[in-house]
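K.L.:
below are the sequence and a predicted model for it; my questions follow.
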Amino acid sequence: MKSALLKVENLSKTYTPGELVWGNVGFDLAKGDFLYILGGSGAGKSSLLRILASFENPSQGRVLCHGVDLQDSSRTDLERVRKRVAYIPQNLGLIRDLTIHDHIEMTQSMVPSGDRLDLASLQGYLKLMNLEDKWNKKVGVLSGGERQRVAILRALCRKTDLIIADEPTGAQDFEMTWKLMDLFVKLNLTGTTMLLATHDLEMVRRLRKRCAILKDGTFKVEDRV
Ligand SMILES: Nc1ncnc2c1ncn2[C@@H]1O[C@H](COP(=O)(O)OP(=O)(O)OP(=O)(O)O)[C@@H](O)[C@H]1O
Ligand SMILES: [Mg+2]
């Protein structure tokens, strides 16, 4: 049996007392798994992903990543786990006045050189994402789709073993969506675990993977949708 890289136990989230966003969320992800998180707008995909990426606390339950309890661990352990997780937030979290180069340099400076993506692969990703000519442009002047690709590039510019992506292709055209999905699949095939939130059922039908559905506050893992 594969050991769990991410273990989610009986999570629930409430922002306003008496208003449960979702409850009873539990599942395991092992190395090399791929799981979609599906659900309509407001179903709670982003709040779940923020919690799994350790940027928000659940109201109940616990999340273990590499055996580290995200809500109850030392700062050092949490930082160690965060270095092994790539999170692509829905709001991207970029800094408008910094260039693509600045974002990549800043991210890579936080990890040992052995954990940085090699230059050839980085250049390959820049080309694939049509960002080669924008390397020294400030993020604030880029298009919405370009900005989203910068957030993806930033997540991929260091070696990680879990990618948590919140609607990572929501602002992309058809061709770019599939280039990026191909890239995620390739990374997954080489052992990177993928957790991808979307409400794009067409994507799920084209690229069949295990699905978890958030609906009316409940969470259910299904093999098919
Ligand atoms: N910080 C917050 N404070 C209060 N309520 C919040 C907060 N964040 C999210 N919510 C509420 O939780 C619910 C789920 O929001 P969430 O952003 O997780 O949904 P989503 O499934 O990601 O939606 P979308 O597909 O539109 O991105 C919404 O009703 C939202 O208003
Ligand atoms: Mg969302």
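P.N.:
Nice, I can see it. Please read all numbers here as calculations on a predicted model, not as lab measurements. Ligands and ions are numbered 1, 2, ... in the order given.
K.L.:
what separation do you get for residue 114 and residue 108?
P.N.:
11 Å (Cβ to Cβ, to the nearest Å). Every residue, glycine included, has its C-beta placed from N, CA and C.
K.L.:
show me what the helix or strand where residue 121 lies is packed against.
P.N.:
Assigned by DSSP states H and E, residue 121 belongs to helix 119-128. Here helix 119-128 touches helix 144-156, helix 174-189, going by 3 or more Cβ pairs under 8 Å, 6 or more residues apart in numbering; DSSP states H and E.
K.L.:
could you point out which of those helices sits nearest ligand 1?
P.N.:
Evaluated over these, closeness to ligand 1 peaks at helix 144-156, with 13.5 Å, by Cβ to the nearest ligand atom.
K.L.:
relative to the whole chain's centre, how far out is that closest one?
P.N.:
From the chain centre to the centre of helix 144-156 is a distance of 12 Å (Cα atoms, centre = their mean, to the nearest Å).
K.L.:
so is the very next helix or strand once past it next to ligand 2?
P.N.:
Under the assignment DSSP H and E, the closest C-terminal helix or strand after helix 144-156 is strand 162-166. No: applying Cβ under 5 Å from the ion, one finds strand 162-166 out of contact with ligand 2, separated by at least 5.8 Å.
K.L.:
what's the angle from strand 162-166 to helix 174-189?
P.N.:
Angle, strand 162-166 to helix 174-189, by axes from the mean of the first three to the mean of the last three Cα atoms, to 10 degrees: 150 degrees.
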